[in-house]
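Chemist: output the structure for:
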Amino acid sequence: MPREYFYSDTAASNFTPNCINNELTVAFGMNLHPQVVAAINELNSKGWRFFVVTQNRGRAYYRHKVITIPDWAYKRQATGNPGYLDWYVSHECAHAYRAEANDWAANHGDSFMEELVRICPDSSLKYELNYKPRNAIRNGITADGYVIPQHKIRLEDL
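Modeler: Numbering: from 1, shown residues only. Okay, here's the model as predicted:
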C-alpha cells in the first residue's frame, strides 16, 4: 500500500518518532494479513499514524496517535517466524483501540487481549505467549490459536 495511505490528515499532533526506517515505513502494510490491514485502516481513519523505526521496541504513543513498529520485527518474520509481524502490529493496534475506548487501565489485561484476539489472525496469536504468557493463557490464546476461556463461557451460549 502506498505510504500516504498510512498517514492521516486528522493526526492528533505533529509528533514524529526518532529513528524512522523510511524504506520499511513506505512499504508498511504490504505483506500483512487482511485482518490486520483492516485494523490499520480503521485506526488511520481515526488519526493514527504508523512508522517503522530502528529502535529496540514498538510503542503506541496515545497522546500523539502514533504507532511504531521496530524494523527487527520484519527480520524476525523473515527468519522463520511466519506471522510474527502480523502479531506485532496487532499488539500495538490493540493498545490504540483501548486508548480510543478511553480504557487507559487496560495495559495487557482482559480488554486488551479481547482486542488482540479480534485483530490478530489465529495463526499469529501464539507469539503473545512469549510476551505476556499469563494474560494470554487466561484469555484463551494457545499455541494453536484461540479458544474461549472457561471464565468467559456463558450458560446461555451453551
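
Chemist: what is the neighbour count of Lys132?
Modeler: A count of neighbours around Lys132, defined by other C-beta atoms under 10 Å, yields 19. Any C-beta I mention is one placed from the backbone N, CA and C, and that applies to glycine too.

Chemist: just give the nearest non-adjacent residue to Ser13, would you?
Modeler: His64 (4.7 Å; C-beta to C-beta, 6 or more residues apart in numbering).

Chemist: tell me the spacing between the one you found and Asn130.
Modeler: Here His64 is placed at a distance of 28 Å from Asn130 (C-beta to C-beta, to the nearest Å).

Chemist: compare the two and say which is more crowded by neighbours.
Modeler: His64 (17 against 10).

Chemist: quick check: pLDDT value at that one.
Modeler: In this model, His64 is scored at 93, pLDDT.

Chemist: and it, that one's in a strand?
Modeler: No. Applying DSSP: H, G, I helix; E, B strand; the rest coil, one finds His64 to be coil, outside a strand.

Chemist: right, and it touches Phe51 too?
Modeler: No. Contact criterion C-beta atoms under 8 Å: His64 and Phe51 do not qualify, at 10.9 Å.

Chemist: could you measure from the residue nearest to Ser13 over to Leu116?
Modeler: 22 Å.

Chemist: dump the residue contacts of the closest residue to Val52 other than its chain neighbours.
Modeler: Using C-beta to C-beta, 6+ apart and skipping the chain neighbours, the partner closest in space to Val52 is Leu24 (3.8 Å). Contact analysis of Leu24 by C-beta atoms under 8 Å, 6 or more residues apart in numbering lists 52, 71, 74.

Chemist: fine by me, thanks again.
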